[in-house]
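S.K.: Task: produce atomic coordinates for the following.
(one chain, ligands or ions: 1)
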Amino acid sequence: MMMKRNLLFTAVTALFLSACGGGGGSQTSAPAAPASDASGAASTAAAPAATGELNIYNWSDYVDPDTVAAFEKENGVTVRYDYYDSNETLEAKVLTGKSGYDLVAPSIVSVGRQIQAGAYQPIDKSQISNWNNIDPELLKLMDQVDPGNQYAVPYFWGINTVGINKDKVAKALGDMPMPENAWDLVFKPEYTSKLKSCGISFFDSPAELFPLALHYLGKDANSENVDDLKAAADLLKAVRGDVKRFSSSGYIDDMARGDLCAVTGYGGDLHIAQTRANDANNGVKIEVMVPVTGVGVWVDSFMIPKDAANVANAHKYINYTLDPKVAAQNADFVSYAPASKPARDLMKPEYAQDPSIFPSPEVMAKSFVILPKSPDAVKQSVRLWQQLKAGQ
Ligand code: N2P
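M.R.: Numbers count the residues shown, from 1 in each chain. The predicted structure follows:
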C-alpha cells in the first residue's frame with residue numbers, strides 16, 4: 001500500500017509541475033475521428049450512422065449544456081443526463097451492477113475498488129481517437145488504480161478547497177484579521193464561532209472531508225489509522241455546532257445568493273457560484289481561495305458500467321469530450337482543468353492562468369491526492385461521520 005501511495009504521489013507531483021508551465025505545452029495528436037468545432041456544428045467528415053440513446057450519470061454542474069446538445073446533434077443520439085454530487089451516491093448505484101447508465105464519472109478515490117468489484121467494462125481505445133490528447137501525467141496517476149488505463153478515461157481534475165463571501169467574512173470577523181492559513185476559517189473554533197453568523201457549509205461526504213481535516217492536523221491526509229481518523233472527527237466535532245449545512249452541491253446557489261459565507265467545496269463549483277453571483281449582479285463577491293498549506297486533489301474519469309446498453313455511444317461521447325475545442329469550451333463553462341491537455345491553450349486566458357483551476361507548483365507541493373482507502377478505513381470513517389452528523 002505504501003509503495004502504491006508513493007507512486008501516486010510522485011505521479012501527481014509531476015502532473016502539478018507540468019500543469020504550471022504557462023498555458024501548458026500543447027500536444028498535438030491528429031484525431032482520426034470527425035472533429036467538431038467549438039460551436040458543436042456538425043463536421044464535414046462522414047458522421048457515424050449510430051443513433052439511439054446515451055444514458056449519462058455524472059456530477060452536477062459538470063458539463064456545458066451546449067456540449068451535450070452539440071453531441072446529440074452531431075451523432076443523432078438522445079442523451080439522458082442524471083446527476084449526483086458525491087462519490088458515495090455514485091458508488092451505491094454502480095455496485096448494484098444494474099445502474100441503467102452507459103457512462104459514469106467516479107473520482108480516483110473509488111475507481112480501483114469499483115473495477116475490482118467488476119462494475120465496469122474495459123474501454124475500447126480504438127474508438128477513442130482523441131486518446132493522445134489526454135494529459136499523460138493524469139494517465140500515469142490513474143494507472144496506479146487502473147493498471148494499463150483499461151477502464152477509466154480522465155475527464156477533469158480539480159481541487160477541494162475553501163470559498164468565501166469576502167464582505168460577509170470580513171464583517172463577521174470584525175477586528176480579527178484573515179488567517180494566514182485559509183483552512184482556519186472552517187476548522188478553527190476561533191474563526192468558525194464568528195463565521196457561524198453568516199453561514200458555514202461542509203462537504204456532505206466523509207471521503208472528501210476527512211482528508212482535509214487530517215491534512216489540517218498535519219497528518220497524512222490519506223491516513224487509515226484509527227486514531228488519526230478519530231482525531232479528524234474530533235476536530236470536526238469541535239466546530240460542528242457552527243456548521244449550518246452539509247452540502248456537496250447545494251452550497252453553490254446558497255453562496256451565490258449570499259446565504260453562506262465560508263464553505264468547503266469543489267474548486268470549479270465555487271467558481272460557478274462566483275459566476276452566478278456576478279451574473280445576478282447582486283453584490284455578492286465570492287473568492288475561491290487556494291490555501292498555501294495545500295488542497296485536496298482528485299481526477300474524475302469516464303467509465304462504462306458492465307450493464308451499459310449503449311456502449312458505442314458511450315465511447316463516442318468520451319471521445320467527443322477529449323476534442324481540444326470541445327474540452328476547452330466545456331472547461332470554460334464548468335471551470336475545471338480538462339483532461340484534454342491541448343484544451344488548456346484554447347481556454348479563456350483568465351481561466352487557463354487561474355491558480356484555483358491550475359494551482360501553482362508551490363501549492364501542489366503541499367497538496368495531496370485523495371487516494372483509495374481499505375474497506376476497514378471506509379467503514380470507520382463512515383461510522384465517525386454518522387456520529388458527527390447526528391451531533392454525537
Ligand atoms: C462537479 C463537481 C465535481 C467534482 N460539480 C468532484 N470530483
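
S.K.: Would stretch 291-299 count as contacting the ligand?
M.R.: Yes: under the criterion of Cβ under 6 Å from any ligand atom, the ligand is reached by stretch 291-299 at residue 298. Every C-beta, even on glycine, is put in place using the N, C-alpha and C of the backbone.

S.K.: Next to the ligand, which bits of the chain? Give me the list.
M.R.: So far as Cβ under 6 Å from any ligand atom goes, the chain lies against the ligand at 59-62, 107, 158, 266, 269, 298, 300.

S.K.: Selection in PyMOL covering whichever of those residues are buried, please.
M.R.: Buried members of the residues of the chain next to the ligand, defined by 16 or more other Cβ atoms under 10 Å, are picked up in PyMOL with:
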select buried, resi 59+61+62+107+158+266+269+298+300
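
S.K.: Sitting in helices, which of the residues of the chain next to the ligand do you find?
M.R.: Within the residues of the chain next to the ligand, residues falling in helices by DSSP state H are residue 269.

S.K.: From the residues of the chain next to the ligand, pick the one nearest residue 361.
M.R.: Set against residue 361, the nearest of the residues of the chain next to the ligand by Cβ to Cβ is residue 158 (16.5 Å).

S.K.: any idea which of the residues of the chain next to the ligand is closest to residue 357?
M.R.: Distance to residue 357 across these (Cβ to Cβ) is lowest for residue 158, with 7.5 Å.

S.K.: domains of this structure?
M.R.: Structural domains annotated on the chain: 2-156+299-359, 159-296+371-389, as defined by automatic domain parsing.

S.K.: Endpoints of the shortest one, how far apart?
M.R.: Just to be clear, that refers to domain 159-296+371-389. By Cα to Cα, to the nearest Å, the extent of domain 159-296+371-389 from end to end equals 24 Å.

S.K.: quick one: that domain to chain centroid distance?
M.R.: When distances are taken as Cα atoms, centre = their mean, to the nearest Å, domain 159-296+371-389 is centred 15 Å away from the chain's centroid.

S.K.: Output the domains of the chain in JSON lines; the columns should cover mean pLDDT.
M.R.: Output for the domains of the chain, formatted as JSON lines (pLDDT from 0 to 100):
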{"stretch": "domain 2-156+299-359", "mean pLDDT": "84"}
{"stretch": "domain 159-296+371-389", "mean pLDDT": "97"}
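
S.K.: With distance to residue 365 added, can I get the ones you listed in CSV?
M.R.: Shown next, in CSV, are those (distance: least, Cβ to Cβ, whole Å):
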stretch, distance to residue 365
domain 2-156+299-359, 7
domain 159-296+371-389, 8
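
S.K.: Once you drop chain neighbours, what's closest to residue 271?
M.R.: The spatially closest residue to residue 271, leaving aside those adjacent along the chain, is residue 335, at 3.7 Å (Cβ to Cβ, 6 or more residues apart in numbering).
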